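Chemist: take this sequence and fold it.
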Amino acid sequence: MAEVVLRTERLVLRGWRDEDLEMLVELDSDPEVMRYVGDGKVKSREEAAAWFDRIRAAWAELGYGLFAVELAESGELTGWVGLAVPRFLPEIMPAVEIGWRLLPRHWGRGIATEAAREALRFAFEEAELDRVVSICHVDNEPSRRVMEKLGLRQDRLTTVPAHDKPVRVLAITREEYAVTRKS
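Modeler: All right, here's what the predicted structure looks like:
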């Protein structure tokens with residue numbers, strides 16, 4: 001399968017390169033970044049490397065996945081955005097989740113929204129998905145705001161079984177997306 005590369009005004013969403021592991025290690029070892037992710041604990045280098053391998057394998061398996069996100073002007077990596085199967089939340093399965101994670105120095109600049117908007121377009125127009133969800137810890141207001149900017153609506157409040165953390169699930173269908181694209 002050919003690498004999928006998406007572009008926005010400021011960003012390039014692309015496949016993962018070996019050297020991108022260092023950014024992922026930096027991202028996943030930052031307590032502030034990981035505060036609302038999973039059980040809230042940072043990942044070791046080994047855990048990040050194992051996840052890096054799974055990210056890359058998902059593209060071959062599913063035909064979609066997580067993109068490395070870089071600034072078009074400089075090539076600097078900002079984090080990731082993309083699509084994954086949220087197996088950690090069995091009650092909503094089958095499902096595909098859109099998510100993102102950025103290095104703190106890139107927070108508050110609209111990068112998550114810009115990248116996620118393009119990833120959502122890819123989800124419906126190229127991957128031909130029928131519905132996409134997004135999941136965040138109930139206290140993660142910045143992520144919730146991004147979800148709402150993308151047109152996702154509240155689906156449910158629930159708890160992740162593995163670590164008993166409360167999460168908010170928002171969703172959008174292909175039909176709802178088509179309406180938001182026209183407006």
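Chemist: on the three-state scheme, the residue positioned nearest the centre of the chain is what?
Modeler: In the chain, the residue lying closest to the centroid (CA atoms, centre = their mean) is Gly99, at 2.0 Å. Secondary structure state of Gly99, per DSSP: H, G, I helix; E, B strand; the rest coil, is strand.
Chemist: so it sits against Gly82, correct?
Modeler: Yes: counting by CB atoms under 8 Å, Gly99 does reach Gly82; the two are 7.1 Å apart. (Each C-beta comes from the backbone N, C-alpha and C, glycine too.)
Chemist: which residues are in contact with both of the two?
Modeler: Leu66 (CB atoms under 8 Å, 6 or more residues apart in numbering).
Chemist: how far away is Leu83 from Lys41?
Modeler: Using CB to CB, to the nearest Å, we find Leu83 at a distance of 24 Å from Lys41.
Chemist: contacts only, for the residue nearest to the centre of the chain.
Modeler: Leu66, Val81, Gly82, Ala84, Ser134, Ile135.
Chemist: need the contact partners of the helix or strand where Ala48 lies.
Modeler: Take DSSP states H and E as the rule and Ala48 turns out to sit in helix 45-62. Under the contact criterion CB under 8 Å, 6+ apart, helix 45-62 has outside partners 1, 4, 15-16, 20-21, 24-25, 27-29, 43, 64-66, 80, 83-85.
Chemist: could you redo the last one with a cut-off of 7 Å?
Modeler: Helix 45-62 is contacted from outside by Met1, Gly15, Trp16, Leu21, Leu24, Val25, Asp28, Lys43, Gly65, Leu66, Ala84, using CB atoms under 7 Å, 6 or more residues apart in numbering.
Chemist: and if you look at stretch 74-89?
Modeler: 13, 20, 23, 27, 58, 64-71, 92, 95-103, 106, 111-112, 115-116, 119, 123, 127, 133, 135, 160, 162.
Chemist: what subset of the residues you listed is buried?
Modeler: Buried by 16 or more other CB atoms under 10 Å: 13, 20, 23, 27, 58, 64-70, 92, 95-103, 106, 111-112, 115-116, 119, 123, 127, 133, 135, 160, out of the contacts of stretch 74-89.
Chemist: restricted to helices, list the residues you listed.
Modeler: Met23, Leu27, Ala58, Ile111, Ala112, Ala115, Ala116, Ala119 (DSSP state H).
Chemist: most widely separated two among those residues?
Modeler: By the measure CB to CB, Ala58 and Ile111 form the most distant pair in these, at 22.0 Å.
Chemist: one step back: so which of the contacts of Gly99 are in strands?
Modeler: Leu66, Val81, Gly82, Ala84, Ser134, Ile135 (DSSP state E).
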